[in-house]
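Enquirer: got a predicted structure here, sequence first:
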There are 2 protein chains.
Amino acid sequence: MFELPSRVSIREVGPRDGLQNEAPVATEAKVRLIDALSGTGVGRIEAVSFVHPKAIPQMADADEVWTRATKADGVRYSALVPNSRGARRALAHGFREIEVVVSASDTHNRRNVNRSTDESLDDIAALIDLLHGAGATAEVIISTAFGCPFEGDVDPKRVAAIVDRVVADGADRIAFGDTTGMGTPRRVRELVSLTRDRQADIPLLLHFHNTRGTALANVLVALELGIVEYDASVGGLGGCPYAPGATGNVATEEVVHMLHDMGIETGIDLDRLVEVAELAQEIVGKELPSGVLRAGPRTRLTAMS
Amino acid sequence: MFELPSRVSIREVGPRDGLQNEAPVATEAKVRLIDALSGTGVGRIEAVSFVHPKAIPQMADADEVWTRATKADGVRYSALVPNSRGARRALAHGFREIEVVVSASDTHNRRNVNRSTDESLDDIAALIDLLHGAGATAEVIISTAFGCPFEGDVDPKRVAAIVDRVVADGADRIAFGDTTGMGTPRRVRELVSLTRDRQADIPLLLHFHNTRGTALANVLVALELGIVEYDASVGGLGGCPYAPGATGNVATEEVVHMLHDMGIETGIDLDRLVEVAELAQEIVGKELPSGVLRAGPRTRLTAMS
């Protein structure tokens, strides 16, 4: 019925976006998680963020985590930075794939960084220049792209205009963040279609939360629209501390489980990934929301007693 | 892109399939749940099953529950029966929409009723005659339609052959049960397409579990294939006691939330439904897995403090 992509690129965000939104864990545990993920066949890992330790204590040991983590061949590691200070730390650590973030909704952006979206876009233009000057690429993550918990719907035209602006400013890649799980098949279709009409070539990655159960339906719609890059978090680690009631990055193993069943390759060994989800659960010391972690892949049969 | 249906019929199965797979609750609570659901605008409710109390103690008070429940105008109530004895009880209580069940997988059927699928199909042929003779309709629920926890994949041709057989025997409607959440977009597309090729006109209802996160993606694929009838369970009540690790009927409010956002009508008042999900949670005394219950619909904004 559709020409679905034959291969999808997953970026594993558990070590950064996941752990940043859980209670702090030991440096050693972060290193173990990154190293275990590097052995699953996943092609990309968001490893750390270089932020002020007072703002995000969970990432206070980012330098040490990254220094101690094994850098595996064939894995692209990225870091998120909030500003030029963070960018310089990331560059000094050798990162050449760097993410910056802005909220599509003014209210959400002000709550996060006390600036308007437009003010943050000015900062980002300067950050892109800084990164390019050091030979790094810049990905702009547009959060609240599918809705804002404070403002409600975010007009896709507003998001598309932000895309136009950052592409003009030199962004190498765009990501849409479904920060509090307000994304739905309808919203994904609207925003992705509009973006692709205006910016056919810019690499576009989608980051879904499963807050209201729609994450895999959203992925399905996006696949039909030709999107081949997705964030996901092992075990479903992480949520959004700024949005009460919002839980859950979509679990990497749930995305991979569905994709593999559809015959879409990811390069990931699902059994190994589920083992890493078990490790993630052990690290945070609580049950994670992943169904594939709890029940196993559909191919794991029940023994007859 | 697609011609999606403009209206979908939801059958609420929380009072029967949901509560049957939770620890037993008081008769009074069951009556309250049915009555509350009858006020949500839902068009169909699976109210009770008439089974032997030793087999399923949770439904031992089905006669009293049904006698005390308010029968609302405009709601179609149905009951599930395992055999002719149950069918006669359901008929005596005035039910004219009755469900019978068979597993597509022999192993699962034997585990449930100690008979092969073929033997159960013979029983069902006789049950259909009994129901028709009393002026009732018969729906045949084919469980493990998307996979069996003991056998693994179930060949869609095997399921389609069961459909052919029960349609020939007079079944008025068919339901496919995703008993342990092994359904995926691929499996739904394969089975529904094959069934529709062979039986274009028989009403077909789909019953998904969200065990591995795919329930709403499955609904989306089925909508694209023109399926307009879905089971769902308020709050995500219930699981499958015969399949360890399997949790979760898809939550009615998650299905309705996605459908309404897509502009597809259900007749259901989502806010009222979420209130009933809160009641369901109170009744079973534990947190239910519904994201829309926990986080609220995407239209429920976070107050700015």
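Expert: Ah, there it is.

Enquirer: need the next SSE after the helix or strand hosting A:A138, C-terminal direction.
Expert: Using DSSP states H and E, A:A138 sits within strand A:137-143. Next helix or strand after strand A:137-143 toward the C-terminus (DSSP H and E): helix A:156-168.

Enquirer: does that next one come close to chain B?
Expert: No. Helix A:156-168 does not reach chain B (Cβ under 8 Å from any Cβ of the partner chain); its nearest approach is 14.0 Å. C-beta coordinates here come from the backbone N, C-alpha and C atoms, glycine included.

Enquirer: does anything pack onto the helix or strand following that helix? Which helices or strands?
Expert: Per DSSP H and E, the first helix or strand lying C-terminal to helix A:156-168 is strand A:173-177. Other elements packing on strand A:173-177 under the criterion 3 or more Cβ pairs under 8 Å, 6 or more residues apart in numbering or on different chains; DSSP states H and E are strand A:137-143, helix A:156-168, helix A:185-198, strand A:204-207.

Enquirer: do that again at 6 Å, thanks
Expert: Using 3 or more Cβ pairs under 6 Å, 6 or more residues apart in numbering or on different chains; DSSP states H and E, the elements in contact with strand A:173-177 are strand A:137-143, strand A:204-207.

Enquirer: pLDDT (mean, whole number) over it?
Expert: The average pLDDT within strand A:173-177 is 98.

Enquirer: pull out the buried positions in that strand.
Expert: By 16 or more other Cβ atoms under 10 Å in any protein chain shown, the buried positions in strand A:173-177 come out as A:R173, A:I174, A:A175, A:F176, A:G177.

Enquirer: same question, stretch A:57-74
Expert: A:Q58, A:M59, A:A60, A:D61, A:A62, A:V65, A:W66, A:A69.

Enquirer: residues of chain A that sit close to chain B?
Expert: Contact residues (Cβ under 6 Å from any Cβ of the partner chain) of chain A with chain B: A:147, A:149-150, A:152, A:182, A:184-186, A:211-214, A:216-217, A:220, A:245, A:254, A:258, A:261-262, A:291-292, A:295, A:298, A:301-302, A:304.

Enquirer: select only the buried ones of those residues in ChimeraX?
Expert: Only the buried entries of the residues of chain A next to chain B go into this ChimeraX selection, using 16+ other Cβ under 10 Å:
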select /A:147,149,150,182,184,185,186,211,212,213,214,216,217,220,245,254,258,261,262,291,292,295,298,302
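
Enquirer: re earlier: could I get the buried residues of stretch A:57-74 as TSV with pLDDT and secondary structure?
Expert: Shown next, in TSV, are the buried residues of stretch A:57-74 (pLDDT from 0 to 100; DSSP: H, G, I helix; E, B strand; the rest coil):
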residue	pLDDT	secondary structure
A:Q58	94	helix
A:M59	95	helix
A:A60	96	coil
A:D61	97	coil
A:A62	98	helix
A:V65	98	helix
A:W66	98	helix
A:A69	98	coil
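
Enquirer: tell me the one of those nearest B:N83?
Expert: A:Q58 (57.4 Å; Cβ to Cβ).

Enquirer: OK, contacts around that closest one?
Expert: For A:Q58, the contacting residues are A:L19, A:Q20, A:P24, by Cβ atoms under 6 Å, 6 or more residues apart in numbering or on different chains.

Enquirer: ok, of those, which come out buried?
Expert: Buried among the contacts of A:Q58 by 16+ other Cβ under 10 Å: A:L19, A:Q20.

Enquirer: tell me the phi and psi of A:A232?
Expert: phi -160, psi 160 (degrees, to the nearest 10).

Enquirer: my read: it touches A:G248, true?
Expert: No. Contact criterion Cβ atoms under 6 Å: A:A232 and A:G248 do not qualify, at 10.9 Å.

Enquirer: more crowded one of those two?
Expert: Per other Cβ atoms under 10 Å in any protein chain shown, whichever of A:A232 and A:G248 has more neighbours is A:A232, with 31 against 28.

Enquirer: okay, and the beta partners of that one?
Expert: A:E12 (DSSP bridges).

Enquirer: quick one, grab the pLDDT at it.
Expert: On the pLDDT scale, A:A232 gets 98.

Enquirer: and it, what is it in contact with?
Expert: A:I10, A:V250, A:T252, A:V255.

Enquirer: quick one, helices of chain A?
Expert: Assigned by DSSP state H, the helices in chain A fall at A:19-20, A:27-38, A:62-68, A:84-92, A:106-113, A:117-133, A:156-168, A:185-198, A:215-224, A:252-261, A:270-284, A:291-295.

Enquirer: Throw those helices into CSV and include distance to B:V166, thanks.
Expert: Listed next are the helices of chain A as CSV, based on distance: least, Cβ to Cβ, whole Å:
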stretch, distance to B:V166
helix A:19-20, 51
helix A:27-38, 48
helix A:62-68, 59
helix A:84-92, 62
helix A:106-113, 53
helix A:117-133, 58
helix A:156-168, 46
helix A:185-198, 32
helix A:215-224, 30
helix A:252-261, 28
helix A:270-284, 36
helix A:291-295, 29
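
Enquirer: shouldn't A:P185 be in contact with A:A217?
Expert: Yes. Between A:P185 and A:A217 there is a contact under Cβ under 6 Å: 5.2 Å.

Enquirer: where do the contact lists of these two overlap?
Expert: Shared contacts of A:P185 and A:A217, counting by Cβ under 6 Å, 6+ apart, come down to B:L220.

Enquirer: could you list the low-pLDDT ranges of the stretch 101-250 of chain A?
Expert: Applying pLDDT under 70 to the stretch 101-250 of chain A flags the ranges A:239-247.

Enquirer: for A:I202, phi and psi?
Expert: phi -70, psi 130.

Enquirer: and which of the contacts of A:A232 is nearest to chain B?
Expert: Using Cβ to the nearest Cβ, A:V250 comes nearest to chain B of these, at 7.6 Å.

Enquirer: A:I227 versus that closest one, what's the distance?
Expert: Separation of A:V250 from A:I227 (Cβ to Cβ, to the nearest Å) stands at 14 Å.

Enquirer: for A:V219, what are its contacts?
Expert: Residues near A:V219 by Cβ under 6 Å, 6+ apart: none.

Enquirer: let me fix that, I meant to ask about A:G183.
Expert: Contacts of A:G183 by Cβ under 6 Å, 6+ apart are A:F146, A:F208, A:N218.

Enquirer: in CSV: those, plus neighbour count.
Expert: Output for the contacts of A:G183, formatted as CSV (neighbours: other Cβ atoms under 10 Å in any protein chain shown):
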residue, neighbour count
A:F146, 32
A:F208, 26
A:N218, 31
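
Enquirer: A:G263 - how many residues pack around it?
Expert: Neighbours of A:G263 using other Cβ under 10 Å come to 9.

Enquirer: ok, now the one 5 residues further on?
Expert: Taking other Cβ under 10 Å as the criterion, the count of residues near A:I268 is 23.

Enquirer: contacts only, for it.
Expert: So A:I268 contacts A:T40, A:G41, A:V42, A:V256 (Cβ under 6 Å, 6+ apart).

Enquirer: ChimeraX command for the buried members of those residues?
Expert: Buried members of those, defined by 16+ other Cβ under 10 Å, are picked up in ChimeraX with:
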select /A:40,41,42,256
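
Enquirer: quick one: the residue in the stretch 1-150 of chain A that chain B sits nearest to from A:T211, how far?
Expert: At 4.2 Å from chain B, A:P149 is the closest residue in the stretch 1-150 of chain A, using Cβ to the nearest Cβ. The gap separating A:P149 from A:T211 is 10 Å, by Cβ to Cβ.

Enquirer: can you give me the distance of the closest residue to A:F176 other than its chain neighbours to A:I174?
Expert: Using Cβ to Cβ, 6 or more residues apart in numbering or on different chains and skipping residues adjacent in sequence, the residue nearest A:F176 is A:A145, 3.8 Å away. Relative to A:I174, A:A145 is positioned 9 Å away (Cβ to Cβ).
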